[in-house]
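Enquirer: Next one to model:
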Amino acid sequence: MKLNPIHRRTALKQLGLSSLSLPVLSQSSNLFANNGKKVVPKQRLIVMFTPNGTIPDQFWPEKIGEDFEHKTIIKPLEPFHDRMLILRNLHNKVGGDGDNHMRGMSCLLTGIELFPGNVMGGGNTPAGWSKGISIDREICKHLQSKEETRTRFGALHFGVGVQDTADPWTRMSYDGPNQPVTPLADPYNAYRKLYGNGREKKQVLSILDDLRGDLDKVASKLPESDRKLLIEHTKLVNRMDQEYAKGSSLSNLTAQPPELPEGLRNQNDNLPQLGRLQIDMLVNSFVNDFARVATLQYTKSVGQAKMNWLDIDDAHHTLSHEPDKNKEAYDKLVRINTWFAEELTYLLKKLENTPEPGQKGCMLDHTLVIWTNELGKGNSHTLNNIPFVLAGNGFGFRMGRTINCENDAHNRFLISLAHAVGHPLETFGNVALCKGGPLDLS
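Expert: This next block holds a predicted model:
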């Protein structure tokens with residue numbers, strides 16, 4: 001027999017638990033379940049994307065194995081050393097239409113070629129959308145196919161500084177061939193998608209209560225001829241009250257949504273604040289079990305953000321084209337990529353400091369976060385040595401090390417992600433690039 005939320009709260013009070021625990025523990029169907037079934041830990045996936053390649057000699061550890069050092073760019077991640085896995089010498093070998101930025105972005109999670117198209121890439125290389133689904137959406141569909149892992153949204157896609165333009169440089173998630181997924185770049189739109197009009201409901205219900213009280217006060221003072229109109233108004237108020245009381249409410253969330261500042265626009269100089277808001281909402285959506293899969297996309301491939309908050313007024317993509325001997329550009333790119341690592345660290349700390357609802361440990365114990373890029377190095381536009389930094393214990397990989405992937409195609413890594421959630425795909429994306437099956441990350 002399962003208890004409904006009200007009975008769970010009563011049971012919690014009878015157990016002598018404090019009111020602080022009620023919002024979280026009352027949501028747990030496992031705490032009072034008596035069916036004897038084993039509680040299956042939740043698994044979550046986050047893919048964080050940052051653009052324009054990295055600076056290899058300030059990013060990649062020299063050593064393979066557990067005793068690896070944190071170079072300048074990944075230094076902020078040092079507190080998570082034992083929960084990190086860095087994949088070296090893993091290549092995006094997908095060829096075909098489009099330039100390397102296009103294929104780097106739109107083949108990153110799909111592992112398959114782009115359709116021919118009329119979006120002109122660099123060097124007169126046109127292309128269209130990807131020919132296949134992305135691994136995040138594939139895993140989402142697998143989880144949504146089972147009642148025990150199905151959630152309200154399945155997957156959520158957050159953007160930071162992603163503008164309205166839609167092309168292969170701006171989309172990394174695909175729901176299928178020719179089906180790019182648009183990230184939620186405006187935190188206010190993301191808020192409305194996640195929490196609906198809960199706050200507005202609360203305000204309207206308060207107004208309706210006041211209005212009902214006013215109607216009651218004047219009822220005895222109106223002549224008989226006007227009471228029909230009053231009755232109709234009262235009926236309308238009651239109908240509105242019932243409508244607004246339906247559906248989800250902010251009061252029954254495991255965790256309340258973050259506060260949004262007013263008037264924060266999706267503009268370049270607001271990227272730091274926008275990013276933190278999106279991370280807060282992403283984690284909150286996981287706490288409330290709205291989704292088990294999410295992406296967090298910072299700008300786009302060929303992104304031209306100007307990191308003024310780092311005292312850098314050059315456009316990011318333009319800087320990434322500078323030769324290595326340009327020491328000023330080199331130093332700025334190191335600072336930019338280090339800032340991205342700091343934002344990842346904020347996300348990891350948020351997950352680490354958030355208890356896992358209804359289970360032991362923290363949310364980072366049940367989540368795998370992947371930080372990646374569309375290029376290995378910006379000024380060479382190489383698709384070799386794509387950065388893949390994994391953090392968290394959600395997929396059962398052996399962490400606390402860096403491994404040499406021996407120049408494998410990244411399709412093998414995508415297959416590994418599917419296997420980790422019990423989805424034993426034999427191939428993913430381009431079949432010819434899947435030889436060897438999933439990487440051994442155990």
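Enquirer: Next up, phi/psi of the nearest residue to residue 114 once chain neighbours are set aside, please.
Expert: If the residues on either side of it in the chain are set aside, residue 114 comes closest to residue 127, at 4.2 Å by CB to CB, 6 or more residues apart in numbering. For the C-beta atoms, the positions are set from N, CA and C on the backbone; glycine is no exception. Phi and psi for residue 127, reported as degrees, to the nearest 10, are phi -160, psi 170.
Enquirer: contacting residues around residue 127?
Expert: 96-99, 102-103, 114-117, 119, 121, 168 (CB atoms under 8 Å, 6 or more residues apart in numbering).
Enquirer: Repeat that for residue 151.
Expert: Each residue near residue 151 by CB under 8 Å, 6+ apart is listed here: 143-144, 289-292.
Enquirer: how much space is there between it and residue 379?
Expert: The gap separating residue 151 from residue 379 is 41 Å, by CB to CB, to the nearest Å.
Enquirer: Which ones among the contacts of residue 127 map onto helices?
Expert: Those of the contacts of residue 127 mapping onto helices are 102-103, per DSSP state H.
Enquirer: and which of the contacts of residue 127 is nearest residue 74?
Expert: When the contacts of residue 127 are compared for distance to residue 74 (CB to CB), residue 103 comes out closest, at 25.3 Å.
Enquirer: ok, that closest one - how many residues close by?
Expert: Using other CB atoms under 10 Å as the criterion, residue 103 is surrounded by 27 other residues.
Enquirer: confidence score at it?
Expert: Predicted confidence (pLDDT) for residue 103: 98.
Enquirer: again, but for residue 40
Expert: Reported pLDDT at residue 40 in the predicted model: 75.
Enquirer: Quick check, it in contact with residue 148.
Expert: Yes - in this structure, residue 40 sits in contact with residue 148. The criterion is CB atoms under 8 Å, and the distance is 6.7 Å.
Enquirer: Low-confidence regions, the stretch 51-200 of the chain specifically.
Expert: 197-200 (pLDDT under 70).
Enquirer: Can you list the residue ranges for helices in it?
Expert: In the stretch 51-200 of the chain, the segments counted as helices under DSSP state H, counting those that start in this stretch are 100-106, 135-144, 187-195, 198-219.
Enquirer: Now do the strands in the stretch 251-400 of the chain.
Expert: Per DSSP state E, counting those that start in this stretch, the stretch 251-400 of the chain has strands spanning 291-298, 367-372, 388-391. These are given in chain order.
Enquirer: With distance to residue 338 added, can I get those strands in TSV?
Expert: Below are the strands of the stretch 251-400 of the chain laid out as TSV (distance: least, CB to CB, whole Å):
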stretch	distance to residue 338
strand 291-298	14
strand 367-372	13
strand 388-391	13
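Enquirer: Turn these into a markdown table, including mean neighbour count and mean pLDDT.
Expert: Supplementary listing: the strands of the stretch 251-400 of the chain in a markdown table, determined by neighbours: other CB atoms under 10 Å; pLDDT from 0 to 100:
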| stretch | mean neighbour count | mean pLDDT |
| --- | --- | --- |
| strand 291-298 | 25 | 98 |
| strand 367-372 | 24 | 98 |
| strand 388-391 | 22 | 98 |
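Enquirer: wait, which of the ones you listed is closest to residue 265?
Expert: Comparing the strands of the stretch 251-400 of the chain against residue 265 with CB to CB, the closest turns out to be strand 291-298 (17.0 Å).
Enquirer: Parallel or antiparallel, which strands does that closest one pair with?
Expert: Applying DSSP bridges to the sheet, strand 291-298 is found paired with strand 44-49 (parallel), strand 154-160 (parallel).
Enquirer: returning to what we had before: widest-spaced pair of the contacts of residue 127?
Expert: Every pair in the contacts of residue 127 was compared (CB to CB); the two farthest apart turn out to be 99 and 115, at 14.8 Å.
Enquirer: out of those two, which sits in the more crowded spot?
Expert: With other CB under 10 Å as the criterion, residue 99 and residue 115 differ in neighbour count, and residue 99 comes out ahead with 20 against 16.
Enquirer: Wait, the more buried one touches residue 124, no?
Expert: No - Residue 99 lies out of contact with residue 124 (CB under 8 Å); the separation is 9.2 Å.
Enquirer: What's the per-residue pLDDT of residue 250 here?
Expert: At residue 250, the pLDDT value in this model is 60.
Enquirer: cool, and residue 404?
Expert: Listed pLDDT for residue 404 reads 98.
Enquirer: Based on its surroundings, how many neighbours for residue 145?
Expert: Number of residues near residue 145 (other CB under 10 Å) recorded here: 11.
Enquirer: Could I have the CA atoms of stretch 300-313 written out in PDB?
Expert: As requested, the backbone C-alpha atoms of stretch 300-313 are provided in PDB (Å, rounded to 0.1, in the frame of the first residue of the first chain):
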ATOM      1  CA  LYS A 300      27.400  28.100 -29.700                       C
ATOM      2  CA  SER A 301      30.100  26.800 -32.100                       C
ATOM      3  CA  VAL A 302      31.700  29.900 -33.600                       C
ATOM      4  CA  GLY A 303      30.400  31.700 -30.500                       C
ATOM      5  CA  GLN A 304      31.600  35.300 -30.400                       C
ATOM      6  CA  ALA A 305      30.900  36.100 -26.700                       C
ATOM      7  CA  LYS A 306      33.000  38.900 -25.300                       C
ATOM      8  CA  MET A 307      34.100  38.000 -21.800                       C
ATOM      9  CA  ASN A 308      34.100  41.600 -20.400                       C
ATOM     10  CA  TRP A 309      33.800  40.300 -16.900                       C
ATOM     11  CA  LEU A 310      37.200  38.800 -17.400                       C
ATOM     12  CA  ASP A 311      38.500  42.100 -18.800                       C
ATOM     13  CA  ILE A 312      38.500  40.600 -22.300                       C
ATOM     14  CA  ASP A 313      36.900  42.600 -25.000                       C
END
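Enquirer: Off-centre distance for it?
Expert: Going by CA atoms, centre = their mean, to the nearest Å, the spacing between the C-alpha centre of stretch 300-313 and its chain's C-alpha centre is 21 Å.
Enquirer: follow-up on the earlier one: which of the strands paired with strand 291-298 sits closest to residue 109?
Expert: With CB to CB as the criterion, residue 109 lies closest to strand 44-49 of these, at 6.8 Å.
Enquirer: Contacts for the closest one next, please.
Expert: With CB under 8 Å, 6+ apart as the criterion, strand 44-49 contacts 108-109, 136, 139, 172, 282, 286, 292-298, 344, 347, 363, 366-374, 394-395, 417, 421.
Enquirer: now stretch 320-329
Expert: Under the contact criterion CB under 8 Å, 6+ apart, stretch 320-329 has outside partners 52-53, 314, 319, 330, 333, 378-379.
Enquirer: now the contacts of residue 151 as JSON lines including distance to residue 195?
Expert: Compiled in JSON lines, those are given as follows (distance: CB to CB, whole Å):
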{"residue": "143", "distance to residue 195": "22"}
{"residue": "144", "distance to residue 195": "21"}
{"residue": "289", "distance to residue 195": "14"}
{"residue": "290", "distance to residue 195": "9"}
{"residue": "291", "distance to residue 195": "13"}
{"residue": "292", "distance to residue 195": "18"}
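Enquirer: If anything else comes up later, I'll come back, but that's it for now.
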